[in-house]
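sequence first, then the predicted structure:
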Amino acid sequence: MPSACLYLEFSKRLQHLQHRLPRLNIIVTPVFLALALLIACFPSRLLAQQSDDALEVTAVIGARAILTDWSDPLAALGTLRANESVTLSSTVTDTVEALNFEGGEKVAKGQVLVRLSTQEEQADLKAAQTLREERANAVQRLARLQQRDLAPLADLEDSRTQLRQVEAEIQALQARLDDHTIRAPFAGVVGARQISIGTLVTPGSELATLDDVERLKLDFRIPEVQLGMMAVGLSIVATSSAYPDEVFEGTVSIIDSRVDPISRSVGVRALLDNDERLLRPGMLMRVRVARAPRQTLVIPESALVPQGRRQYVWVVRQAKNDEAEGDQIKSAPVERLEVEIGSRREGEVEILEGLDEGDMVVSHGGDRLRQGVRVRLIGVVDENTSVSEILDAQRSEDDN
């Protein structure tokens, strides 16, 4: 209704009221005249704007509430250790005669790595073997004589004892010869050699290092208060500054039986596969333990609208008659719902209550929404579609 018509109608009602209430004429007339002027000056465009607000459509980006694997991560720092590690050393004093490795290569179990000179031991062995033959012949002669009662039985027993003594000496010499050959006790990667042929080594001298790096042990410590959440078999992920784009997975294998009374922490060991041999013993690793693994409802953290201690989300309520093209909805109402959240992780938040699987929430643009406003969904964020891709596609569509 135009403002002029409103003013004429209001004037007629005012004259009728003055006629019926003459005593209040002096009070009522100024008040109603002011109201009449206000109505006359009230722009009709404001009424139209209120109608337009009800039909306002705001462009937003959405995301669906999905059910996914979730856990409460526990972060720690750990050190890698070889699955098996040994420093090979000599048990005798002699010179190096042969080296069968350069360092860094993979060797098999039992492979010869170092040979020490055995000239003296070989000479002693030959002398002992000759003496054994002599003692064996003596035993045979005395045995034949004793059968004819031409030699006492005591001489035969003494000769046999001397033969056994020589055989024991030969076994000892063979064991000493074996000590001159250093073999790999298990399959692994040999370290860089620090000796050369001709080097004189003594008992305890380091000859080589050997590490089994096909699988590595990752040792780290956790606070005592977290011990109840830890269990053998939990999954862990580890990262290293040396390989920032690589993620290494493993499982908890051992939880220490004691708590350190000084630091109030407990040691934990996990096993990591190292098939590509990227990791090395001694490296510092950042560890995340996946505690309390479960299936839970997850939405983007950007969809939350905090208000005090409460959290809300805008949910798109698409009706059957709402126009839609794929993931895009031209016009649909939104509803603000309160949700109960759990833990968070890198752009995502766990929803404990308030949403159902598949609900469409507003992840970007929710700060411009209010009750009663309709939205235009220009895209849905998921694993294969990012916000930037949706915005670029929308700009291209607007340009065309």
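Right, received. Where do you want to start?

which residues does stretch 150-168 contact?
Stretch 150-168 has contacts (Cβ atoms under 8 Å, 6 or more residues apart in numbering) with A128, L131, R132, R135, A136, A138, V139, L142, A143, L145, Q146. C-beta: built from backbone N, CA, C; applies to glycine.

tabulate those residues (TSV), appending secondary structure.
Putting the contacts of stretch 150-168 into TSV (DSSP: H, G, I helix; E, B strand; the rest coil) gives the following:
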residue	secondary structure
A128	helix
L131	helix
R132	helix
R135	helix
A136	helix
A138	helix
V139	helix
L142	helix
A143	helix
L145	helix
Q146	helix
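
now the buried members of those residues.
Applying 16 or more other Cβ atoms under 10 Å to the contacts of stretch 150-168, the neighbour count classes A128, L131, R132, R135, A138, V139, L142, Q146 as buried.

just the helices in the protein please.
3-20, 25-41, 44-54, 119-147, 153-179, 387-399 (DSSP state H).

now, which of the contacts of stretch 150-168 sits nearest L369?
Nearest to L369, judged by Cβ to Cβ, of the contacts of stretch 150-168 is A128 at 97.8 Å.

right, and the closest one touches Q174 too?
No - if you go by Cβ atoms under 8 Å, A128 and Q174 don't touch, sitting 9.5 Å apart.

just to revisit the earlier point, quick one: which of the contacts of stretch 150-168 is nearest L227?
Nearest to L227, judged by Cβ to Cβ, of these is A128 at 61.1 Å.

list the contacts of that closest one.
Taking Cβ under 8 Å, 6+ apart as the test, what A128 contacts is V166, E169, I170, L173.

and those residues, which are buried?
Buried members of these, counted by 16+ other Cβ under 10 Å: V166, E169, I170, L173.

pLDDT score assigned to the nearest residue to the first one once chain neighbours are set aside?
For V166, the nearest residue in space outside its immediate sequence neighbours is R132; the separation is 4.5 Å by Cβ to Cβ, 6 or more residues apart in numbering. Per-residue confidence (pLDDT) for R132: 88.

residue contacts, R132?
L163, V166, E167, I170.

where's it relative to S159, distance?
12 Å (Cβ to Cβ, to the nearest Å).

flag the shaky bits of the protein, pLDDT-wise.
For the chain, residues meeting the criterion pLDDT under 70 lie at 1-55, 319-327, 400.

mind checking how far the most centrally placed residue in it is from T251?
In the chain, the residue lying closest to the centroid (Cα atoms, centre = their mean) is V237, at 2.4 Å. For V237, the distance to T251 equals 11 Å [Cβ to Cβ].

over to L125?
Computed as Cβ to Cβ, the L125 to T251 distance reads 51 Å.

same check, this time on Q111
31 Å.

what's the single longest strand in this protein?
As assigned by DSSP state E, the longest strand anywhere in the chain is strand 66-89.

how far is it from where the chain is centred?
Counting by Cα atoms, centre = their mean, to the nearest Å, strand 66-89 is centred 9 Å from the centre of its parent chain.

in that strand, what's buried?
Under 16+ other Cβ under 10 Å, the buried positions of strand 66-89 are 70-74, 76, 78, 80-85, 88.

what's the closest of these to V380?
Taking Cβ to Cβ as the measure, W70 is the one of these closest to V380, at 21.0 Å.

residues in a beta bridge with that closest one, which ones?
For W70, the beta-bridge partners are R294 (DSSP bridges).

T296 versus that one, what's the distance?
Computed as Cβ to Cβ, the W70 to T296 distance reads 4 Å.

E214 now?
Per Cβ to Cβ, E214 is found 36 Å from T296.

now I378
28 Å.

what do you get for A175?
64 Å.

tell me which of the two has more neighbours.
Neighbours were counted for A175 and for T296 using other Cβ atoms under 10 Å; T296 has more, 16 against 10.

the more buried one: what's it in contact with?
Counting by Cβ under 8 Å, 6+ apart, T296 touches L67, T68, W70, G342, E350, I351, L352.

now render those residues as CSV, adding distance to K106.
Shown next, in CSV, are those (distance: Cβ to Cβ, whole Å):
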residue, distance to K106
L67, 45
T68, 40
W70, 40
G342, 47
E350, 45
I351, 50
L352, 51
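
ok, so of those, who is nearest G191?
Among these, and counting by Cβ to Cβ, the member closest to G191 is W70, at 42.5 Å.

G62 is in contact with V361, isn't it?
Yes - counting by Cβ under 8 Å, G62 does reach V361; the two are 6.4 Å apart.

what do those two both touch?
Residues touching both G62 and V361 comprise V316, with contact defined as Cβ under 8 Å, 6+ apart.

more crowded one of the two?
G62 (30 against 24).

can I see the domain layout of this protein?
Domain assignment of the chain by automatic domain parsing yields the ranges 3-52, 57-69+296-399, 74-81+209-294, 91-115+184-203, 118-179.

measure the shortest one end to end?
When you say that, I think you mean domain 91-115+184-203. Distance across domain 91-115+184-203, first residue to last, is 4 Å (Cα to Cα, to the nearest Å).

please apply the same query to stretch 187-200.
End-to-end distance of stretch 187-200: 27 Å, with Cα to Cα as the criterion.

buried ones in that stretch?
Neighbour-count burial for stretch 187-200, counted by 16+ other Cβ under 10 Å, picks out G188, V189, V190, G191, R193, I195.

same thing with stretch 259-266?
Neighbour-count burial for stretch 259-266 flags S265, V266 (criterion: 16+ other Cβ under 10 Å).

what's it in contact with?
Stretch 259-266 is contacted from outside by R221, I222, P223, E224, L227, M230, I255, D256, R258, G267, using Cβ under 8 Å, 6+ apart.

quick one: it to chain centroid distance?
24 Å.

first-to-last residue distance for that stretch?
End-to-end span of stretch 259-266 (Cα to Cα): 5 Å.

with stretch 190-197 instead?
Criterion Cα to Cα; first-to-last residue distance in stretch 190-197 is 17 Å.

centre of the chain to that stretch, how far?
How far stretch 190-197 lies from its chain's middle: 37 Å, per Cα atoms, centre = their mean.
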